[in-house]
Each structure stands twice: as C-alpha cells, then as structure tokens.
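K.L.:
I would like the atomic coordinates for the input below:
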Amino acid sequence: MKIKVVNLQNEPVGDIELDDAVFGLKSRSDVLFKVVNWQLAKRRAGTHKTKGISEISGTTAKPYNQKGTGRARQGSKRSPQFRGGATIFGPVVRSHAFDLNKKERKLGLKTALSTKLAAGKLVIIDDAKATSHKTREMAALFGKNGWDSVLFVDAGRDENFERAVRNIPKIDLLPQEGANVYDILRRDTLVLTKAAVEQLEARLK
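P.N.:
Predicted structure coming up:
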C-alpha cells in the first residue's frame with residue numbers, strides 16, 4: 001500500500017510503498033497482549049523477599065513444655081503464628097521472565113505496526129534531523145503538528161534531534177533495532193523514518 005511521506009514540518013515530500021506482509025496484517029489483541037506481557041515480565045526485578053523460619057533471628061528452644069500448660073503445643077517462637085515470626089509461602093527472589101518463540105515476537109511487532117497504520121496513527125518522515133538542539137523549538141513544532149504522544153523510530157542517529165526531544169514529555173526516540181510492541185502501543189502516534197521502514201521490512205519479512 002502507498003502512504004505519503006512528510007518532513008518534520010508535516011509537509012508532504014513524496015510517497016512510499018509499504019509491504020502488506022509487515023504493515024497490512026489485521027489487528028490481533030491476543031498476540032499484542034502476549035508480547036507485551038512477555039516484555040513486562042522480563043523487566044520485573046524479582047527482588048521481593050520475605051524471611052522463612054530458618055532466616056528469622058531468635059531462639060531455637062521450645063517456648064514451653066509440650067504438655068501440662070493448657071495451651072496449644074508449640075515447637076518454636078519463630079513460627080508464623082507468633083509476632084515477628086516467619087512468613088509461609090512468601091515471595092522469594094526469582095526471575096519472572098518466560099520464553100516466547102521468535103515467530104510470535106515477530107508477529108507481535110508486525111501486528112503493532114499494522115494496528116497503528118489501520119488506526120491512522122502511523123506517520124512516515126523523510127528523516128529525523130534537526131538543525132538546532134533547542135528543546136523549545138522542537139516542542140513548538142510538535143505542538144503545531146498535533147504530535148502530543150509520539151514514538152520516533154529512526155535507522156540512524158542525529159545528535160541535535162536527540163538532544164532536542166529527550167526532555168519533552170511523552171516523546172520517545174528509539175533506534176530501529178529497539179522497536180518493540182510495548183513502546184509502540186504506549187504512545188499515541190508512531191513516526192518512522194524512510195530508512196527505518198526499509199530496515200524493519202527487511203527484518204520482519
């Protein structure tokens with residue numbers, strides 16, 4: 001399918017042909033959910049921890065006699081029923097990551113790109129380069145274009161553009177290699193450079 005190409009001023013500068021195998025898939029919320037869940041699980045620190053009975057500081061002695069006290073029998077003051085005692089089946093330090101095969105990950109990225117295009121939220125620009133590193137100028141330009149929440153994906157790197165956008169709220173910039181489902185979906189508009197489109201199609205076909 002053909003889509004127009006604009007510059008950073010949102011002025012048309014040509015057209016580009018998008019591959020239907022990458023940008024023409026129908027939206028599948030089940031695939032998107034699975035891939036986003038996989039990404040967020042990998043990000044979790046997994047450092048939550050409670051103490052088991054072997055880790056509690058305290059005596060190992062039996063608190064009182066087994067029989068004759070009229071109370072329930074007890075074997076340790078560090079048991080969970082006592083104040084300051086252990087936690088049973090509490091969380092332990094672990095990884096929350098799980099495996100997701102490459103075909104599903106690739107399908108998720110293609111589905112996210114196709115969903116943005118179908119919703120009219122995909123913009124193709126000729127390049128992401130700036131003559132100035134001033135954040136105020138870039139923020140004013142984005143406001144004029146109506147780009148409030150945007151993810152930029154570029155194949156190269158322009159230092160002026162990076163410095164200009166890095167402090168603008170809800171504006172993210174990623175290299176083509178870092179394009180992922182979660183970041184695409186969390187921003188309202190996806191802006192790809194022509195070079196990024198070519199590399200994404202070569203990578204995902």
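K.L.:
When you work out contacts or count neighbours from here on, use the C-alpha atoms and nothing else.
P.N.:
Will do.
K.L.:
and the residue nearest to residue 166 when sequence neighbours are not counted, what is it in contact with?
P.N.:
Distance criterion CA to CA, 6 or more residues apart in numbering; nearest residue to residue 166, sequence neighbours excluded, is residue 172 at 7.2 Å. Going by CA atoms under 8 Å, 6 or more residues apart in numbering, residue 172 touches 150-152, 165-166.
K.L.:
any idea how far residue 112 is from residue 172?
P.N.:
Counting by CA to CA, to the nearest Å, the separation of residue 172 from residue 112 is 16 Å.
K.L.:
Quick check: which element contains the residue nearest to residue 166?
P.N.:
Take DSSP states H and E as the rule and residue 172 turns out to sit in strand 171-175.
K.L.:
Need the three-state assignment for the nearest residue to residue 134 once chain neighbours are set aside.
P.N.:
Nearest residue to residue 134 in three dimensions, chain neighbours excluded: residue 164, at 5.2 Å (CA to CA, 6+ apart). With DSSP: H, G, I helix; E, B strand; the rest coil as the basis, residue 164 sits in helix.
K.L.:
where exactly do the helices run in this protein?
P.N.:
For the chain, helices defined by DSSP state H occupy the ranges 20-23, 29-43, 102-118, 135-145, 159-165, 181-186, 194-204.
K.L.:
Switch those helices over to TSV; also include mean pLDDT, mean neighbour count and distance to residue 90.
P.N.:
Listed next are these as TSV, based on pLDDT from 0 to 100; neighbours: other CA atoms under 10 Å; distance: least, CA to CA, whole Å:
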stretch	mean pLDDT	mean neighbour count	distance to residue 90
helix 20-23	94	17	44
helix 29-43	97	16	19
helix 102-118	96	20	32
helix 135-145	94	15	47
helix 159-165	94	17	43
helix 181-186	97	18	30
helix 194-204	94	17	42
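K.L.:
Ok, which of those helices comes nearest residue 11?
P.N.:
Using CA to CA as the measure, helix 135-145 is the one of the helices of the chain that comes nearest residue 11, at 9.8 Å.
K.L.:
The residue nearest to residue 166 pairs with what?
P.N.:
residue 151 (DSSP bridges).
K.L.:
Which pLDDT value does the model give it?
P.N.:
Looking at residue 172, its pLDDT is 95.
K.L.:
Check residue 1 too.
P.N.:
For residue 1, the predicted pLDDT is 84.
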